[in-house]
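> Quick one, fold the following:
(one chain, ligands or ions: 1)
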Amino acid sequence: MDEEEAEQSSAVCGYYNEDLTHKTILVGDSGVGKTSLLVQFDQGKFIPGSFSATVGIGFTNKVVTVGDVKVKLQIWDTAGQERFRSVTHAYYRDAHALLLLYDITSKSSFDNIRAWLTEIHEYAQSDVVIMLLGNKADMGSGRAIKREDGERLAREYGVIFMETSAKTGINVDLAFMTVAKELIGRSIEPPTDPKFQIHDMTEVDTRKTSCCGFT
Ligand SMILES: Nc1nc2c(ncn2[C@@H]2O[C@H](COP(=O)(O)OP(=O)(O)OP(=O)(O)O)[C@@H](O)[C@H]2O)c(=O)[nH]1
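Numbers count the residues shown, from 1 in each chain. Below you'll find the predicted structure:
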């Protein structure tokens, strides 16, 4: 790429820094499947039956590849139980992305989504990526919340929506991939940055951060 081409490319695409680690937090009522979703994404397996509520908070590091770009996610699994709520609030503040789950077979977990979103807006940064996930989509016969109701709520709050199953794995990778794409979009440094130098453009080229490929 010559200098002129690089300039044109950077004007459109900007620069994504692969060294960034994005703190991504799973939230939602107890029992909606946060731990199961993370285990499915991380290890590709589902451990049925026994439900042991998460106590406290822990994280898993994962790298998601979007096109040729590597996005580092530090995924935090929080405890859904009310008694741990004050602990999890503290983690919202520096979160880059929040995956908010309800269980499609549990009306109460869906009804609580508004309260979760209010809490998120209170404690998280205003540009946090929020994704609403209707989990346990494999349990069609026990469904209490229509897909359209999830979509409508997500539209109302301007967040991304998907139904997932931590059991079958449906849409699990896609959910994290979508979050990664959004994070790239929000993290791209504007090409007008005065610190932007020719040698930086070379790096842009080698990492193929063509933003056109992320959408
Ligand atoms: N059929 C089905 N069951 C699921 C799914 N996801 C989770 N479960 C089950 O739901 C129960 C709760 O799952 P967890 O992953 O422990 O829920 P959690 O949201 O992490 O709960 P807390 O740690 O208390 O906040 C377990 O018995 C899981 O096996 C799913 O997609 N489909």
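
> Quote the end-to-end distance of stretch 60-77.
Stretch 60-77 has its terminal residues 8 Å apart, counting by C-alpha to C-alpha, to the nearest Å.

> Tell me the buried residues in it?
62, 64, 66, 69, 71-73, 75-77 (16 or more other C-beta atoms under 10 Å). Bear in mind the C-beta positions are built from the backbone N, C-alpha and C, glycine included.

> from those residues, which two are the most distant?
Val69 and Asp77 (25.0 Å; C-beta to C-beta).

> ok, so what distance separates Glu151 from Asp29?
20 Å (C-beta to C-beta, to the nearest Å).

> same thing with Asp94?
23 Å.

> out of the two, which sits in the busier spot?
Under the criterion of other C-beta atoms under 10 Å, the comparison of Asp94 against Asp29 puts Asp29 first, with 22 against 11.

> for the protein, which spans come out with low pLDDT?
Counting by pLDDT under 70, the chain shows low-confidence ranges at 1-13, 49-57, 80, 82-88, 189-215.

> ok, is the longest helix seen in it in contact with the ligand or not?
When the chain is scanned for its longest helix (criterion: DSSP state H), the result is helix 172-187. No. Helix 172-187 stays clear of the ligand (C-beta under 6 Å from any ligand atom), getting no nearer than 8.7 Å.

> Summarise which helices and strands that helix is packed against.
Here helix 172-187 touches strand 21-28, helix 34-43, strand 57-66, strand 69-78, strand 97-103, strand 129-135, strand 160-163, going by 3 or more C-beta pairs under 8 Å, 6 or more residues apart in numbering; DSSP states H and E.

> between it and strand 97-103, how big is the angle?
150 degrees (axes from the mean of the first three to the mean of the last three C-alpha atoms, to 10 degrees).

> Report the separation between Glu151 and the ligand.
Glu151 sits 18 Å away from the ligand, going by C-beta to the nearest ligand atom, to the nearest Å.

> Name the residues of this structure found near the ligand, please.
30-36, 48, 51, 53-54, 79-81, 135-136, 138-139, 165-167.

> Which residue lies nearest the spatial centre of this structure?
Centre of the chain computed as the mean C-alpha position; nearest residue by C-alpha atoms, centre = their mean is Val179, 3.8 Å away.

> Can you give me the neighbour number for the closest residue to that one other than its chain neighbours?
Nearest non-adjacent residue to Val179, counting by C-beta to C-beta, 6 or more residues apart in numbering: Ala97, 4.9 Å away. A total of 23 residues lie near Ala97 under the criterion other C-beta under 10 Å.

> isn't Ala97 right up against Glu182?
Yes. At 7.2 Å, Ala97 counts as touching Glu182 under the criterion of C-beta atoms under 8 Å.

> what do the two both touch?
129, 131 (C-beta atoms under 8 Å, 6 or more residues apart in numbering).

> got a list of what Phe110 touches?
Neighbour list for Phe110: 102-104, 134, 144-145, 149-150, 153 [criterion: C-beta under 8 Å, 6+ apart].
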